[in-house]
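>>> what follows is a predicted structure for the sequence shown.
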Amino acid sequence: MCIILQKGLPYGEPFLFIITINKSDTMDMDTTLRIALQKKGRLLDDSLTLMKESGIKFNIGSGRLVAQSTAFPIEALFLRDDDIPQTVFDGVADLGIVGENEYLEKGYDLDIIQRLGFSKCRLSLAIPKGEHYTGIGWFNDKKVATSYPKILKSFFKKEKINADIHEIAGSVEIAPGIGLADAIFDIVSSGSTLVANSLKEVAVVMNSEAILVAKKNLDKDKKSILEEMTFRFDAVKASESNKYILLNAPNNKIKEIVRILPGMKSPTVLPLAQEGWSSVHSVISESKFWEVIGQLKANGAEGILIIPIEKMIL
């Protein structure tokens, strides 16, 4: 397999960087993995985006509940998110992408293969905004509406709170307003739904994100396909958190600049046509971008160019 990282770099002659990966185990194209995905919503959109960027595309027609990938041995089932853990546990699907909150609520014994870093939210307790919140003890002898009774029950047990947990399937946020409950326990993303229903968030019980889960004891061929898929996912996610940097620097500053830019192993240093100057190529973390740029400029770097990385093989 050859993966092109960058081509046509703007300093000097064009370069083509190629990484060749030799794998002793190849995928068995006669074996097909089946993955369960949420049939609509943000989790589906984020899942399909990750898979598309990993070279896994599905021919999805309107209303279709099953779709085959055109270039990868995997088939997708489109389900309600709360049905995904059981579908994988029962062996109807081999894998699933599901919110961590749903996985914990359902409680099925599955392998967590990978945290995917998208569709992030939190499960929080919220009360009417006019209430005076005195701490977690406020919930003693209160009625709390939720679609996640198992998670809430476990939390209250740990905190030694005696509350009446009222399970409802949806529209949890309206429960206090219609007198059904004193408070709610529900998913919070931006908090706008709470504000719209005159509620305030008072305690975060857990943070959640999309996770890739698999049934126990996949056979060898399916594990090989899964390893190839997660390898591709890793490459996509690594590229999102890093940037490719190119700059010009005087040769007497190269040693210090290399110290600032360690790169994946070591920066690439190429001589320029102008005597006494070189071009330095490296990779920097998105989180350290501005800190690093300031240090580079202080050490004489010029013509700094930052390029997004399409894929990154570690």
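That came in fine, so what should we check first?

>>> can we go C-alpha only for contacts and neighbour counts from here?
Will do.

>>> strand partners of the helix or strand harbouring Ala203, parallel vs antiparallel please.
Ala203 is located in strand 199-208, with elements delineated by DSSP states H and E. Paired neighbours of strand 199-208 in the sheet (DSSP bridges): strand 121-128 (antiparallel).

>>> got a list of contacts for the strand holding Ala203?
With contact meaning Cα atoms under 8 Å, 6 or more residues apart in numbering, strand 199-208 is reached by 99-101, 120-129, 133, 136, 155, 191, 194.

>>> which of these are buried, as a PyMOL select command?
Buried residues within these, by 16 or more other Cα atoms under 10 Å, are selected in PyMOL with:
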select buried, resi 99+100+101+121+122+123+124+125+126+127+128+194
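
>>> still on that earlier bit, can you give me the buried ones in the strand holding Ala203?
Leu199, Lys200, Glu201, Val202, Val205, Ser208.

>>> pLDDT weak spots in the stretch 201-314 of the chain?
For the stretch 201-314 of the chain, the stretches flagged by pLDDT under 70 are 262-264, 314.

>>> equivalent analysis for the stretch 51-200 of the chain, please.
For the stretch 51-200 of the chain, the ranges with pLDDT under 70 are 62-63.

>>> quick revisit: any chance of the buried residues of strand 199-208 in TSV with distance to Lys142 as columns?
Listed next are the buried residues of strand 199-208 as TSV, based on distance: Cα to Cα, whole Å:
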residue	distance to Lys142
Leu199	16
Lys200	16
Glu201	16
Val202	15
Val205	17
Ser208	25
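
>>> from the residues you listed, which two are the most distant?
Maximum pairwise distance in those, criterion Cα to Cα, is 21.0 Å, between Leu199 and Ser208.

>>> backbone dihedrals for the most centrally placed residue in the chain, please?
Nearest residue to the geometric centre of the chain (Cα atoms, centre = their mean): Gly117, 1.8 Å. Gly117 has phi and psi values of phi 80, psi 10 when expressed as degrees, to the nearest 10.

>>> how about the contacts made by Leu212?
Contacts of Leu212 (Cα under 8 Å, 6+ apart): Leu95, Gly96, Ile97, Val98, Ile112, Ile113, Gln114, Arg115, Leu116.

>>> and it, which of the three is it?
Using DSSP: H, G, I helix; E, B strand; the rest coil, the structure places Leu212 in strand.

>>> next one: Ala76
strand.

>>> that one touches Ile60, doesn't it?
No - taking contacts as Cα atoms under 8 Å, Ala76 lies outside contact range of Ile60: 9.5 Å.

>>> overlap in contacts of these two?
Here Ala76 and Ile60 have Ala67 as joint contacts, going by Cα under 8 Å, 6+ apart.

>>> between these two, who's got more neighbours?
Higher neighbour count among Ala76 and Ile60: Ala76, with 23 against 13, using other Cα atoms under 10 Å.

>>> now stretch 150-165: buried residues?
Quick answer for stretch 150-165 (16+ other Cα under 10 Å): Lys150, Ile151, Leu152, Lys153, Phe156, Ile161, Ala163, Asp164, Ile165.

>>> export those residues to a markdown table and append columns for distance to Arg80 and secondary structure.
As requested, the buried residues of stretch 150-165 are exported to a markdown table (distance: Cα to Cα, whole Å; DSSP: H, G, I helix; E, B strand; the rest coil):
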| residue | distance to Arg80 | secondary structure |
| --- | --- | --- |
| Lys150 | 19 | helix |
| Ile151 | 19 | helix |
| Leu152 | 22 | helix |
| Lys153 | 24 | helix |
| Phe156 | 28 | helix |
| Ile161 | 32 | coil |
| Ala163 | 29 | coil |
| Asp164 | 28 | strand |
| Ile165 | 24 | strand |
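
>>> any chance of those in a markdown table, with distance to Ile307 too?
Listed next are the buried residues of stretch 150-165 as a markdown table, based on distance: Cα to Cα, whole Å:
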| residue | distance to Ile307 |
| --- | --- |
| Lys150 | 46 |
| Ile151 | 43 |
| Leu152 | 45 |
| Lys153 | 48 |
| Phe156 | 48 |
| Ile161 | 52 |
| Ala163 | 54 |
| Asp164 | 54 |
| Ile165 | 51 |
